[in-house]
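Enquirer: test case, fold it:
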Amino acid sequence: MEKKTKEEYVHPLLEVKDLSVSFRMYDTGLEQYDLKVISNLNIDVKQGEIVAVAGSSGSGKSLLAHAVMGLLPENAATTGEMYYKGMPLIQKEKEQLRGKEIALVPQSVAYLDPSMRVGTQVLGEKPDQRKRKEQKEVFSRLHLEEHVERLYPFQLSGGMARRVLVSTALISGADLIIADEPTPGLDLEMAVEALTCFREMADEGKAVILITHDIDLAFHVADRVAVFYAGTTVEIAPSKDFREGPEALRHPYSKALWRALPQNGFVPIPGFQPYAKALPKGCLFAPRCPNRTEECEKPIPMQELRGGTVRCIHAT
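Expert: Down below sits the predicted model:
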């Protein structure tokens, strides 16, 4: 079968529209309230594409992964829409698809079952010869020796456990891979190799959402970058814009994120990301933004601009 070009993948494999996630919490006196931690978040990914998700801790990156996988706790409530292959993605479908058509590389290595050997967790109970061969090839690429498949998770180093999690997704056969911080604990060579594997999967027609703090590495393998701030999407831009620098970017936070990278001067901005219980009105970045005006206190929708999308009325 002839491999499609990226331009031929027109429709998103996964589309998330105006996603909001709240948790039912208890205040003093056991009074209940809903804490909204994600609000009006938008993102999509096509086959043949890697979309990197960047942003500071607490910006909603991992919650997005758990929401798509249907792994949120019972006290969570969601609004908005999700579509997978053009069809509504509801909880029942999430449970049927995860581990099959949708695979997660979790952030924590604690997701490995401590009572099960590594090989069984990677391959399943009754793997065929093709899958065994694929597992050996992936292990070799990630510098995992053959005997590792006979070990238990407690016998692995942190970096080895991380590579095992990555290998599980790589041989899953899933059409959509959500990699939540797959590179911490890996040296530079292994981090690059892991990201190269994801790039190859995308080039073969898979769709990859890459959640990462190693954004300077992600810029070189991703097609687009989605920037999250305080639980919402503030910009989605081609990765080349991040390589070119702040003049090519649209949102003030994206520009600040670029300048905060060590190779770009490690320049901080004043203030801090707001707590979910005390979000400002309108633009969530406004209290830290040098361009803020009274108009920024109104709801700010995402808008298309220069080949990307941005949530800022002052973006040019």
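
Enquirer: pull out the buried positions in the helix or strand harbouring Val227.
Expert: Element membership of Val227 [criterion: DSSP states H and E] is strand 224-229. By 16 or more other CB atoms under 10 Å, the buried positions in strand 224-229 come out as Arg224, Val225, Ala226, Val227, Phe228, Tyr229. Placement of C-beta: from N, CA and C, glycine included.

Enquirer: which residues does the first one form beta bridges with?
Expert: I take that to be Arg224. Counting by DSSP bridges, Arg224 forms beta bridges with Val51, Pro238.

Enquirer: quick check on the residue nearest to Glu235 when sequence neighbours are not counted: phi, psi?
Expert: Take Glu235 and drop its neighbours on the chain: the residue closest to it by CB to CB, 6 or more residues apart in numbering is His251, 4.1 Å away. Note on His251: backbone dihedrals following degrees, to the nearest 10 are phi -90, psi 140.

Enquirer: wait, His251 sits on Ile313?
Expert: No - judged on CB atoms under 8 Å, His251 makes no contact with Ile313 at a distance of 10.9 Å.

Enquirer: and the two? which has more neighbours close in?
Expert: Counted by other CB atoms under 10 Å, His251 and Ile313 do not tie: His251 has more neighbours, with 26 against 15.

Enquirer: what residues are up against that one?
Expert: Counting by CB atoms under 8 Å, 6 or more residues apart in numbering, His251 touches Val227, Val234, Glu235, Phe285, Val310, Arg311, Cys312, Ala315.

Enquirer: and if we set it to 6 Å?
Expert: The contact partners of His251, taken as CB atoms under 6 Å, 6 or more residues apart in numbering, are Val234, Glu235, Val310, Cys312.

Enquirer: separation between it and Cys289?
Expert: His251 sits at a distance of 9 Å from Cys289 (criterion: CB to CB, to the nearest Å).

Enquirer: state the distance from the residue nearest to Glu235 to Ile236.
Expert: Separation of His251 from Ile236 (CB to CB): 10 Å.

Enquirer: returning to what we had before: for Ser20, state which of the contacts of His251 is nearest.
Expert: In terms of CB to CB, no member of those lies closer to Ser20 than Val234, at 15.5 Å.

Enquirer: what helix or strand is that closest one located in?
Expert: Assigned by DSSP H and E, Val234 falls in strand 232-238.

Enquirer: quick one: the helices in the stretch 1-150 of the chain?
Expert: Ranges of helices within the stretch 1-150 of the chain are 61-69, 91-97, 118-123, 129-141, based on DSSP state H, counting those that start in this stretch.

Enquirer: going along the chain, name the strands of the stretch 201-316 of the chain.
Expert: Under the criterion DSSP state E, counting those that start in this stretch, the stretch 201-316 of the chain contains strands at 207-211, 224-229, 232-238, 303-305, 308-310.

Enquirer: adding distance to Gln273 and mean pLDDT, write these out as a markdown table.
Expert: Compiled in a markdown table, the strands of the stretch 201-316 of the chain are given as follows (distance: least, CB to CB, whole Å; pLDDT from 0 to 100):
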| stretch | distance to Gln273 | mean pLDDT |
| --- | --- | --- |
| strand 207-211 | 17 | 98 |
| strand 224-229 | 7 | 97 |
| strand 232-238 | 11 | 98 |
| strand 303-305 | 23 | 97 |
| strand 308-310 | 18 | 98 |
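
Enquirer: adding distance to Glu125, write the ones you listed out as CSV.
Expert: Converted to CSV, the strands of the stretch 201-316 of the chain look like this (distance: least, CB to CB, whole Å):
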stretch, distance to Glu125
strand 207-211, 27
strand 224-229, 36
strand 232-238, 39
strand 303-305, 48
strand 308-310, 44
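
Enquirer: beta partners for the residue nearest to Val105 when sequence neighbours are not counted?
Expert: Once flanking residues are discounted, Val105 sits nearest to Ala179: 4.1 Å by CB to CB, 6+ apart. Applying DSSP bridges to Ala179 gives these bridge partners: Val105, Leu210.

Enquirer: Ala179: how many residues sit nearby?
Expert: As a burial measure, Ala179 scores 29 neighbours (other CB under 10 Å).

Enquirer: what does Asp187 give?
Expert: Neighbours of Asp187 under the rule other CB under 10 Å: 11.

Enquirer: so where's the stretch 201-316 of the chain uncertain?
Expert: Along the stretch 201-316 of the chain, the model assigns pLDDT under 70 to no residue.

Enquirer: which residue ranges of it form helices?
Expert: Going by DSSP H, counting those that start in this stretch, the stretch 201-316 of the chain shows helices at 215-218, 239-244, 252-259.
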